[in-house]
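Novice: Provided below are the primary sequence and the corresponding predicted coordinates.
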Amino acid sequence: MKYRSSPACGVLQSLGFVVLGSTVLNLPVAHAADASAAPADAAAPITASVTLTAPAATANSTSATAAPAAPFSPAVLPGHGLLQHPFLYIGEWNYPKKTQTVFIVRDGKIAWSYDIETNLIAADGTKILQEFSDATLLSNGNVVFARKTGAGEVTPDKKLVWNYDAPTGFEVHTVEPIGTDRVMMVQNGDPAKVMIINTVTGRTERETVLPTGKPKTAHTQFRGVRLTAAGTILAAHMDNGKVAEYAMDGKEIWSVAVPAPWATVRLKNGNTLVTSNRGFARELNPKGETVWEFTQKDVPDIKLFVLQGAERLANGNTILCNWCPNAIKNPKDWPGSVQVLEVTPDKQVVWALRAWADPGDLGPASVIQLLDEPGVPEQGEQQR
């Protein structure tokens, strides 16, 4: 496997791999994992970068929802709806649907999708919920995803080439690619742990136990966990009210209190971007001080619910996923809400996406990946 000089190389070196030129030598002690692998198919690369100027407000007709069903957002939204960017999109707990879906949108239309059943039936007849909590489109066209009951990698022609099933009592809501042959995955439970898995061999190459606030409540422990370019673990402790950074041996080296954090990412400027179940996004400097924050007061006409996935763009704007199901109890009222916002550094909303009706019914928003951003996703070159 070849790696360019990039954050991914630093991550691999910190994990105990030796990188000689473009060759990676696998040296860590391996442990068996519940996974299987098959050859991946070749696919077209991600769309090249496109620069868009900040658009004027439009009726947002390409978002597939012309007007809100409830007063959670104005009828006219800024931006060009589904045409604003090409993107990958997933959302947790779209429970009115019989299937949960990964979407890829290009040219204002759903260009590709991948479904899993919303409910699995256990041997005793109980229903086990599945939901997509994390996903990344790789440069080879494959999609790596977490589905609560495990994780997987699927090709453009929808062949599952890697699969991991979480043991009973455990959940998987985070998976991050490291190159095209490894992932960092977090398995919630007792104990919760970071796992580095080789998706070609199916072997777990490293494990790091993470502390939790509620060890017996797997579902509320983690969503957003990422590796940094330095090879450390950055974890949003949803059940413990903090964002913390750990060395790969599990030693905490930095933390800051954040109410109910959902996602976190270490930015290229050294700061840390965090979203919260409390409906805000915050950028923290290494001292833990807030240097930028986006809250309801900054956008009074668009209701913020649970801010989940976040991405800092190359132009400095921030993409935020606005997840509504916990707050809006009747799914018939979901179409009144905005799912995704693009916000400038001075907190101007230049894109607000509301896409709740065919042919672009995307459902609740948890994670989005813009496909016109520069950088190779699996090399850690994007800020998401």
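Specialist: Nice, thanks for sending it over.
Novice: So, low pLDDT: which residues of the protein?
Specialist: For the chain, applying pLDDT under 70 flags the ranges 1-70.
Novice: now the helices for it?
Specialist: 7-14 (DSSP state H).
Novice: ok, residue 280 - contacts?
Specialist: Listed by CB atoms under 8 Å, 6 or more residues apart in numbering, the contact partners of residue 280 are 293-296, 304, 307. For the C-beta atoms, the positions are set from N, CA and C on the backbone; glycine is no exception.
Novice: Of those, which is the most crowded?
Specialist: Sorting the contacts of residue 280 by how many neighbours each has (other CB atoms under 10 Å) puts residue 307 first, at 26 neighbours.
Novice: Leaving out chain neighbours, which residue sits closest to it?
Specialist: Among residues not flanking residue 307 along the chain, residue 275 sits closest, at 4.1 Å (CB to CB, 6 or more residues apart in numbering).
Novice: Please verify my assumption that the one you found contacts residue 309.
Specialist: Yes. Counting by CB atoms under 8 Å, residue 275 touches residue 309, with 7.3 Å between them.
Novice: In strands, which of the contacts of residue 280 fall?
Specialist: Taking DSSP state E, the ones among the contacts of residue 280 that sit in strands are 293-294, 307.
Novice: Residue 93 contacts residue 364, doesn't it?
Specialist: Yes. The pair residue 93 and residue 364 qualifies as a contact (CB under 8 Å) at a distance of 6.6 Å.
Novice: neighbour count winner among those two?
Specialist: Between residue 93 and residue 364, counted using other CB under 10 Å, residue 364 has the larger neighbour count: 26 against 18.
Novice: and for stretch 287-305, what are the contacting residues?
Specialist: Identification of contacts with stretch 287-305 by CB under 8 Å, 6+ apart yields 72-74, 256, 271, 279-285, 318, 320, 322-324, 326-328, 337-338, 341, 343, 345, 347, 349, 352.
Novice: OK, contacts around the residue nearest to residue 307?
Specialist: If a contact means CB under 8 Å, 6+ apart, then residue 275 has 224, 261-264, 281-282, 307-310, 320-321 as its contacts.
Novice: And residue 282, by the same measure?
Specialist: Applying CB under 8 Å, 6+ apart, the residues contacting residue 282 are 258, 273-276, 290, 292-294.
Novice: Pull out the C-alpha coordinates of stretch 374-384 and format them as PDB.
Specialist: Backbone C-alpha positions of stretch 374-384 (Å, rounded to 0.1, in the frame of the first residue of the first chain) are rendered in PDB as follows:
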ATOM      1  CA  PRO A 374      -9.500  19.700  -2.000                       C
ATOM      2  CA  GLY A 375      -7.600  16.900  -0.400                       C
ATOM      3  CA  VAL A 376      -7.700  13.100  -0.200                       C
ATOM      4  CA  PRO A 377     -10.200  12.000   2.400                       C
ATOM      5  CA  GLU A 378      -8.500   8.800   3.600                       C
ATOM      6  CA  GLN A 379      -5.200  10.700   4.000                       C
ATOM      7  CA  GLY A 380      -6.600  13.000   6.600                       C
ATOM      8  CA  GLU A 381      -6.300  16.000   4.300                       C
ATOM      9  CA  GLN A 382      -9.900  17.300   4.900                       C
ATOM     10  CA  GLN A 383     -11.100  18.900   8.100                       C
ATOM     11  CA  ARG A 384     -14.100  16.700   9.000                       C
END
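Novice: quick one: buried residues of it?
Specialist: Taking 16 or more other CB atoms under 10 Å as the basis for neighbour counts, the residues of stretch 374-384 that come out buried are 375-384.
Novice: Tabulate those in CSV, adding columns for distance to residue 125.
Specialist: CSV is the format used below for these (distance: CB to CB, whole Å):
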residue, distance to residue 125
375, 46
376, 45
377, 40
378, 40
379, 45
380, 43
381, 46
382, 43
383, 44
384, 39
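Novice: Specify which member of these is nearest to residue 79.
Specialist: Set against residue 79, the nearest of the buried residues of stretch 374-384 by CB to CB is residue 384 (19.1 Å).
Novice: Was I right to think residue 84 contacts residue 353?
Specialist: Yes. Counting by CB under 8 Å, residue 84 does reach residue 353; the two are 7.2 Å apart.
Novice: More neighbours: which of these two?
Specialist: When residue 84 and residue 353 are compared for neighbours, residue 353 comes out ahead with 32 against 24, by other CB under 10 Å.
Novice: Who is the more buried one paired with across the strands?
Specialist: Counting by DSSP bridges, residue 353 forms beta bridges with residue 340.
Novice: now swap in residue 193 and tell me
Specialist: Note on residue 193: beta-bridge partners residue 187, residue 209, judged by DSSP bridges.
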